[in-house]
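Participant: Sharing a model prediction with you, sequence too.
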Amino acid sequence: MSESQNPQPKPPPVWRVQPRFPDGPAPDPAGSHHERRIRSFQPRRSRVTAGQEDALRRLWSTWGFDIDGREVLDLDKMFDGRPVVLEIGFGMGEATALMAAEDPETGILAIDVHTPGQGNLLGLAERAGLTNVRVGNGDAIILLREMLAPDSLAGMRVYFPDPWPKKRHHKRRLIQPEFLTLAATRLAPGAILHCATDWEDYAEQMLEVLTEHPDFENTVPGGGYAPRPDFRPLTRFEGQGLDKGHVVHDLLFRRTQN
């Protein structure tokens, strides 16, 4: 058989083997595409502005890290002994920067896979003089499973995660019983898991699985959704949803003592 009849496998995409920012976030830090696991996110390769690129090149080595699963993070050292809240998926980082500025005594471990957002948050943090933000690049599951010690988190925020609106994709949604079981092992007893979504059926699913999970209890007396707390800023994304008639639901559940 000739070579044309037996074609060689295609090489991996360039972004997986050649980092765009040599000293910045890796294209695929944990090689997680090899895992046989349904993932709740898809990397987005949108345009990076000059300002975001500058922030990534200058600040990543100091304030950023790759979620490669190789070591357990020393959160006390990273955040100078502050209690640490994990934020999964921060978009462009505006809300994260505002919350960090309002609460400088709390460390925010903010993770995402969106390179422009990573650069934007680094730039926002620098301009505001924030010292309590670290930016992680990669998969939240690998971070929780491999890189965080038990009971090490004072809280967790999951704001407007990908709703995967098609029914056949609901299995990709992040807030599932298996995720909650893993998250509970990293949250200290009494720590708050705060979720928010503007997708009604996802909010219903979140409320159901959180209510049924033995490691969490609703902070709302009698159960149900919580009012939006003052510390969660109204984001541009959220405002766009409200303009379209979406209803935003907040859920605040406490890690139980068991």
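Facilitator: Looks like it arrived, so ask away.

Participant: in whichever strand in the chain runs longest, what counts as buried?
Facilitator: The longest strand of the chain (DSSP state E) is strand 187-197. For strand 187-197, a neighbour-count test (16 or more other Cβ atoms under 10 Å) marks 187, 191-197 as buried. Any C-beta I mention is one placed from the backbone N, CA and C, and that applies to glycine too.

Participant: Output those residues in CSV; the columns should cover pLDDT and distance to residue 160.
Facilitator: Formatted as CSV, these follow (pLDDT from 0 to 100; distance: Cβ to Cβ, whole Å):
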residue, pLDDT, distance to residue 160
187, 98, 20
191, 98, 21
192, 98, 17
193, 98, 15
194, 98, 12
195, 98, 9
196, 96, 6
197, 94, 6
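
Participant: pLDDT wise, what is the nearest residue to residue 117 once chain neighbours are set aside at?
Facilitator: Excluding the flanking residues, the one nearest residue 117 by Cβ to Cβ, 6 or more residues apart in numbering is residue 92, at 4.8 Å. Listed pLDDT for residue 92 reads 93.

Participant: Residue 92 - how many residues pack around it?
Facilitator: Residue 92 has 20 neighbours, counted by other Cβ atoms under 10 Å.

Participant: Next: residue 68.
Facilitator: Applying other Cβ under 10 Å, we find 19 residues neighbouring residue 68.

Participant: Tell me how many other residues crowd the closest residue to it other than its chain neighbours.
Facilitator: Of all residues not flanking residue 68 in the chain, residue 29 sits nearest, at 4.4 Å (Cβ to Cβ, 6+ apart). Using other Cβ under 10 Å, residue 29 has 20 neighbouring residues.

Participant: just residue 212 next, same as before
Facilitator: Other residues close to residue 212 by other Cβ under 10 Å number 10.

Participant: got a list of what it touches?
Facilitator: residue 177 (Cβ atoms under 8 Å, 6 or more residues apart in numbering).

Participant: Sweet, I'm off.
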